[in-house]
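Peer 1: What follows is a predicted structure for the sequence shown.
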Amino acid sequence: MDLSTVTDLVPTADPADWRAGDAWLAGGTVLFSYGSQTLRRLLDLTSAGWPALTVTDDGLEIAATCTVAELWAFEESRQAVPVRERWSALDLVRPCCDSFVASFKIWNTSTVGGNVCTSLPAGPMISLTAALDGVAEVWGPGGTRRTQPVAELVTGELRNTLAPGELLRAIRVPDHALRSRTAFRRLSLSNLGRSGVLLIGRVDPPDAGGGFVLTVTASTRRPVQLRFPADAPPTAADLAAALDAAIPPDLYHDDIHGLPEWRRDMTYRLGEEIRSELLTGLLDGTTSDGGLR
């Protein structure tokens with residue numbers, strides 16, 4: 001779609017250049033799909049030259065301008081060689097990328113930051129980064145910098161905490177989360193449909209507390225996280241009670257991709273599948289391979 005009201009394309013990543021009528025442009029797949037009657041300028045972040053993915057001592061930094069294709073290819077890159085065996089949670093990357101159910105043209109254009117900032121319930125980059133305790137670095141006018149967990153940045157359908165002029169610079173995924181054991185579940189009403197329910201569970205390594213974390217997305221209007229300490233892994237009843245307490249009925253999303261009642265039922269079903277997969281053995285005193293703890 002042509003944005004007929006836009007008169008200027010400005011190559012900048014400086015929030016000081018932002019003014020009313022502007023929009024930040026990274027991939028722009030949603031921006032050009034929806035159109036606009038109010039935009040006057042696009043501030044082009046692609047000129048910033050930020051490295052798409054950077055391995056650090058603390059974890060993985062994902063630039064807001066990192067494309068889905070670049071993220072999908074990461075595990076086969078040279079950067080990933082030293083950490084691939086240690087970061088077992090990288091197994092989540094490709095299932096989350098595949099959850100776009102999009103063509104290669106979208107994958108090569110759509111960005112991680114754009115998906116998070118659009119803040120749709122079914123945004124799979126929200127699912128991935130929220131589930132792994134990703135922390136967003138946000139730049140604002142006047143040189144301000146702030147950080148916020150992705151699970152808190154997204155507050156509802158098409159809603160987030162970004163103020164006018166703010167931009168998402170990067171998401172940092174911590175090392176301990178990348179070393180977690182994980183489980184992924186997703187459901188849609190059709191084989192190639194938008195995610196109606198997407199849950200990710202993880203068990204942190206012992207040196208990070210060993211707790212169980214379940215992140216609910218797609219079925220809810222915003223990410224919902226449940227955390228259980230290592231010394232109190234939840235039973236099936238515990239998990240169901242925690243879901244009851246954390247997700248009121250009106251938080252379940254309602255659109256053509258799934259009724260709230262179906263999303264709720266599938267959330268409980270997939271949550272229990274994940275709990276059983278990751279915690280079998282912890283409750284009866286054995287490890288997942290059958291050995292004694």
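Peer 2: Done, it's in.

Peer 1: any chance you could map the helices in the protein?
Peer 2: For the chain, the helices defined by DSSP state H occupy 29-34, 68-72, 93-98, 104-107, 112-118, 124-131, 150-153, 175-178, 236-246, 260-279.

Peer 1: which stretches of this structure have low pLDDT?
Peer 2: Across the chain, residues meeting the criterion (pLDDT under 70) sit at 1, 281-293.

Peer 1: which residues does the most centrally placed residue in it contact?
Peer 2: Nearest to the mean C-alpha position of the chain, by Cα atoms, centre = their mean, lies residue 126 at 2.1 Å. Contacts here follow Cβ atoms under 8 Å, 6 or more residues apart in numbering; on that basis residue 126 touches 115, 116, 119, 120, 150, 154, 217, 223. No exception for glycine: its C-beta is placed from N, CA and C like everyone else's.

Peer 1: now do 10 Å
Peer 2: Shown here is residue 126, whose contacts under the criterion Cβ atoms under 10 Å, 6 or more residues apart in numbering are 96, 112, 115-120, 134, 150-151, 153-154, 160, 198, 215, 217-218, 222-223.

Peer 1: coming back round to it: could you dump the helices of the chain to a markdown table with distance to residue 42?
Peer 2: What follows is the helices of the chain, written out as a markdown table (distance: least, Cβ to Cβ, whole Å):
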| stretch | distance to residue 42 |
| --- | --- |
| helix 29-34 | 8 |
| helix 68-72 | 20 |
| helix 93-98 | 26 |
| helix 104-107 | 19 |
| helix 112-118 | 13 |
| helix 124-131 | 21 |
| helix 150-153 | 22 |
| helix 175-178 | 34 |
| helix 236-246 | 38 |
| helix 260-279 | 35 |
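
Peer 1: Point out the most buried one among the ones you listed.
Peer 2: helix 124-131 (a mean of 28; mean count of other Cβ atoms under 10 Å).

Peer 1: How far off centre is that one?
Peer 2: Using Cα atoms, centre = their mean, to the nearest Å, the mean C-alpha position of helix 124-131 is found 1 Å from that of the whole chain.

Peer 1: Kindly report the same for stretch 6-15.
Peer 2: Per Cα atoms, centre = their mean, the centroid offset for stretch 6-15 relative to its chain is 26 Å.

Peer 1: got the buried residues for it?
Peer 2: Along stretch 6-15, these residues count as buried under the neighbour rule (16 or more other Cβ atoms under 10 Å): 6, 12, 13, 15.

Peer 1: and which of those residues is nearest to residue 39?
Peer 2: For residue 39, the nearest member of these is residue 6. The distance, counting by Cβ to Cβ, is 5.4 Å.

Peer 1: Return the residue spatially closest to that closest one, with its sequence-adjacent residues excluded.
Peer 2: Of all residues not flanking residue 6 in the chain, residue 39 sits nearest, at 5.4 Å (Cβ to Cβ, 6 or more residues apart in numbering).

Peer 1: which residues sit in contact with that neighbour?
Peer 2: By Cβ under 10 Å, 6+ apart, the neighbours of residue 39 are 3, 4, 5, 6, 7, 21, 22, 23, 25, 31.

Peer 1: run the last query once more with 6 Å
Peer 2: Neighbour list for residue 39: 3, 5, 6, 23 [criterion: Cβ atoms under 6 Å, 6 or more residues apart in numbering].

Peer 1: so which of those comes closest to residue 70?
Peer 2: So of the contacts of residue 39, ranked by how close each gets to residue 70 (Cβ to Cβ), first place is residue 23, at 22.4 Å.

Peer 1: what about the closest one, how many residues close to it?
Peer 2: Other residues within reach of residue 23, judged by other Cβ atoms under 10 Å, total 16.

Peer 1: Likewise for residue 192?
Peer 2: Summarising burial for residue 192: neighbours were counted as other Cβ under 10 Å, giving 7.

Peer 1: So which of the buried residues of stretch 6-15 is the closest to residue 35?
Peer 2: Out of the buried residues of stretch 6-15, the member with the shortest distance to residue 35 (by Cβ to Cβ) is residue 6, at 10.5 Å.

Peer 1: what about the closest one, distance to residue 223?
Peer 2: In this structure, residue 6 lies at 32 Å from residue 223, with Cβ to Cβ, to the nearest Å as the measure.

Peer 1: domain ranges for the chain?
Peer 2: Per the record's domain assignment (the TED database), the chain is made up of the domains 8-44, 53-176, 181-279.
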